[in-house]
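Peer 1: could you look at this predicted model? Sequence included:
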Amino acid sequence: MLWLIGLGIALAEPEAPTEFGVIPNDVAQAARETAGLPLAQRMKAISDPLLGLPYEIDGHGEGLPPDTDPPARYDAFDCLTFLEEILALALSGDPVSAPLIRNALRYQGGIPTYANRHHFMMAQWIPANLEAGFLEDITHTLGETHRIEKSVSQAVWKNWAGTKGFSLPLSALPTGRYGMNVLSLDAAEAAIDHIPSGAIIFTVRRPKPWKPIVISHVGFVIPTEEGGPVLMRHATKMSGGSVRDHLLSWYIDHLRWYKRPVEGISVLMPIEQGPRKARIAYEK
């Protein structure tokens, strides 16, 4: 085990699967063995075997043009595809049904095409999954928040250099006014011990009128021993890039030094689905 600054933990890289889309045995076994445990514990157990895997931006696609990367792979992740895969495996009743959850999280209507993909976090991925009942915004329960608003027009997309990275016509890019509840970095630091395990942490940059993108990173809080430090697990570019854990306190402090200022964090909680959700309601 390698201990880095901020308790950045990267384990020895597990052996990569020989085929894209084949869930590694240890990951599938963890999903099945923890099926009856609370969601946060399932998320941790399923992601444990993936610690140390390399970071790779945009390594997932539809397997068809314009993005021929595989829909699922278990040898490398970026921050969002790592989160999507862990949620898909943790929320499904069995690993064989994980692709259905993944598609529901990643695509409009669950239909896996490039045009249907939720490419943009604040404009598409977050509101779609809040509306679908996969997530709940708990930011306002953790401390004093403020609201950020972002207006995006076709002119913004046309003038932003990053638009060229998407194989979509200008008319297909989302436009409108979007908003999020945000904890400032000071408020986030004060709330660390109250953020529940399983919570998803979104890094929110200070909005710029010329840039349509506001959210730059995502990870999730994992359970630790009672009284232990709060850890965020994520696929990150830091320290060479890998799936690793960092002290959430260290990560929030680290955000203060970014060249492009950080507005704060938003915190969303994944929601149990299907029979587990019904069981929880019954037990209450």
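Peer 2: Arrived safely.
Peer 1: per-residue pLDDT of Gly21, please?
Peer 2: pLDDT for Gly21: 79.
Peer 1: hmm, I was thinking of Lys277
Peer 2: On the pLDDT scale, Lys277 gets 62.
Peer 1: what sits against the spatially closest residue to Trp125 that is not a sequence neighbour?
Peer 2: Once its chain neighbours are removed from consideration, Trp125 has its nearest residue in His118; the separation is 3.9 Å (C-beta to C-beta, 6 or more residues apart in numbering). Every residue, glycine included, has its C-beta placed from N, CA and C. For His118, the contact set (C-beta atoms under 8 Å, 6 or more residues apart in numbering) comprises 105-108, 124-125, 128-129.
Peer 1: pLDDT of the longest helix along the chain, averaged?
Peer 2: Across the chain, the longest stretch assigned as helix under DSSP state H is helix 79-91. What helix 79-91 shows for mean pLDDT is 98.
Peer 1: repeat that for stretch 96-107.
Peer 2: Per-residue pLDDT over stretch 96-107 has a mean of 96.
Peer 1: buried set for that stretch?
Peer 2: For stretch 96-107, the buried set under the neighbour-count rule, 16 or more other C-beta atoms under 10 Å, comprises 98-99, 101-107.
Peer 1: and those residues, which is closest to Lys259?
Peer 2: Within these, distances to Lys259 taken as C-beta to C-beta reach their minimum at Arg106, with 29.9 Å.
Peer 1: these two touch, right, the closest one and Pro112?
Peer 2: Yes: with contacts defined as C-beta atoms under 8 Å, Arg106 counts as touching Pro112 at a distance of 7.3 Å.
Peer 1: next, count neighbours for the nearest residue to Pro229 once chain neighbours are set aside.
Peer 2: Closest residue in space to Pro229, ignoring its immediate chain neighbours: Leu247 at 5.4 Å, by C-beta to C-beta, 6+ apart. Using other C-beta atoms under 10 Å as the criterion, Leu247 is surrounded by 19 other residues.
Peer 1: hmm, Leu247 is touching Gly228, no?
Peer 2: No: here Leu247 lies out of contact with Gly228, judged by C-beta under 8 Å, at a distance of 10.4 Å.
Peer 1: and for stretch 33-48, what's in contact with it?
Peer 2: Stretch 33-48 is touched from outside by 27, 30-31, 82, 86-87, 89-91, 93-94, 196-198, 220-223, 233, 243, 270, 272, 276, with contacts defined as C-beta under 8 Å, 6+ apart.
Peer 1: and stretch 224-241, by the same measure?
Peer 2: Counting by C-beta under 8 Å, 6+ apart, stretch 224-241 makes contact with 4, 7-8, 10, 44, 47, 51, 53-57, 77-79, 81-83, 192-193, 195, 197, 201, 217-222, 242-249, 251, all of which sit outside it.
Peer 1: again, 6 Å this time
Peer 2: Contact partners of stretch 224-241, identified using C-beta atoms under 6 Å, 6 or more residues apart in numbering, comprise 4, 8, 47, 54-55, 77-79, 82, 192, 201, 219-222, 243, 245-248, 251.
Peer 1: so which bits of stretch 155-162 are buried?
Peer 2: By neighbour count on 16+ other C-beta under 10 Å, the buried set for stretch 155-162 is 156-157, 160.
Peer 1: only C-alpha atoms, please: export that stretch in CSV.
Peer 2: Presented in CSV, the C-alpha positions along stretch 155-162 are these (Å, rounded to 0.1, in the frame of the first residue of the first chain):
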residue,chain,number,x,y,z
ALA,A,155,-23.2,31.7,-28.8
VAL,A,156,-21.3,30.4,-25.7
TRP,A,157,-20.9,27.0,-27.3
LYS,A,158,-19.9,28.4,-30.6
ASN,A,159,-17.1,30.5,-29.1
TRP,A,160,-15.8,28.0,-26.6
ALA,A,161,-12.8,26.0,-27.9
GLY,A,162,-13.8,22.9,-26.0
